[in-house]
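> Predicted coordinates and the sequence they were generated for:
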Amino acid sequence: MPGKNPRLNPLQSRKQLLLAESELNRVQVAGDLAAFKTGIQKLKDRAKSFESIASSAAVLVAGLTAFRRGASTNVSPKKSWLQIALKGAGLVSTLWLAFRPQTAPGTRPDSQNPRVG
């Protein structure tokens, strides 16, 4: 209202201060949430890195174990070519799973995405 003194009573001024404080708290909580999300994403990236290292180590141990079994002193009859081929295919599939490019869940490799245009 023009011409009147815009003085606030103590209750109205306290209400405005509380509203301003509430807005500041809301902004701070939003910033804290964004920082938390960033921290979680970094943790996920580290876990994926550790997963790939652990997977490679497991393949190495499996390969060494298979190599040690193959070099045993026990003399066994000659294996058929089919057994050798199956063992080789198993080794190749294990290596492929360990070293293939990792994709995010729910995504498809580029070769399966339809082209637009």
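Noted; the coordinates are in hand. Residues are numbered from 1 along each chain as shown.
> most centrally placed residue in this protein?
The residue lying closest to the centre of the chain (Cα atoms, centre = their mean) is residue 44, at 4.2 Å.
> How are the helices of the chain distributed by residue range?
Assigned helices in the chain, in chain order: 10-70, 81-99 (criterion: DSSP state H).
> Same list (these) but as CSV, adding mean pLDDT.
Compiled in CSV, the helices of the chain are given as follows (pLDDT from 0 to 100):
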stretch, mean pLDDT
helix 10-70, 88
helix 81-99, 79
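> Distance check, the residue nearest to the centre of the chain against residue 59.
Applying Cβ to Cβ, to the nearest Å, the value for residue 44 to residue 59 is 23 Å. (C-beta placed from N, C-alpha, C; glycine too.)
> same question, residue 8
Look at residue 8 and residue 59: by Cβ to Cβ, they are 73 Å apart.
> between these two, which one's more packed in?
Each of residue 8 and residue 59 has its neighbours counted (other Cβ atoms under 10 Å); residue 59 has more, 16 against 10.
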